[in-house]
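S.K.: no sequence for this one, just the structure:
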């Protein structure tokens, strides 16, 4: 009787465990991240622009598209403005060029009006705009990151 009870108990345990394991398995297709391009106006990553163009571009939305021209919705992104400034060297008394950073996280594009105005007012040659951690959603709800996007102000 004891052996029969052990066998029955083992059979029930295996049945319950295998049912639980199979019930937790979910059949999903592996998501293949599309190749996307980030643009701001007509400019692409790495472009050099002048101050006037930079001011204009700040007010435009980031666009992310794939090779079929499908546009993707931006869930959120980060923007960094690398700003040129000057400090006085304590020993020599001369002004030296340095850079400071202003950055924020945003859920809508274009940037908020206050950012557009503040950054646009201060623009100088040698500064940079950097959009990064750009999180996208496709139509099926899959989330993925777009490539980072940087513009250089050279004139």
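M.R.: Now that the structure is in, tell me what you want to look at. Just so it is clear, the model here is predicted, and its values are computed rather than measured. Residues are numbered from 1 along each chain as shown.
S.K.: Every contact and neighbour count from this point should use C-alpha atoms.
M.R.: Will do.
S.K.: which residues does the residue nearest to residue 45 when sequence neighbours are not counted contact?
M.R.: Spatially, and ignoring its direct neighbours in sequence, residue 45 is nearest to residue 149 (4.8 Å; C-alpha to C-alpha, 6 or more residues apart in numbering). If you count contacts by C-alpha atoms under 8 Å, 6 or more residues apart in numbering, residue 149 has them with 38-39, 44-46, 130-132.
S.K.: where exactly do the helices run in the protein?
M.R.: Along the chain, counting by DSSP state H, helices occupy 2-24, 51-58, 113-122.
S.K.: Report the buried residues of the shortest one.
M.R.: When neighbours are counted by 16 or more other C-alpha atoms under 10 Å, the buried residues of helix 51-58 are found to be 51, 54-55, 57-58.
S.K.: circling back: go through the helices of the chain and find the least confident stretch.
M.R.: Among the helices of the chain, helix 2-24 has the lowest mean pLDDT, at a mean of 57.
S.K.: hey, which helix or strand in this structure has the poorest pLDDT?
M.R.: helix 2-24 (a mean of 57; mean pLDDT, DSSP states H and E).
S.K.: pLDDT of the longest strand along the chain, averaged?
M.R.: For the chain, the strand that runs over the most residues, judged by DSSP state E, is strand 73-88. Strand 73-88 shows a mean pLDDT of 93.
S.K.: Show me how far it is from its chain's centre.
M.R.: Centroid separation for strand 73-88 versus its chain: 13 Å, with C-alpha atoms, centre = their mean, to the nearest Å.
S.K.: how about that strand: buried residues?
M.R.: Residues 73-84 are the ones in strand 73-88 that count as buried (16+ other C-alpha under 10 Å).
S.K.: All good on my end, thank you.
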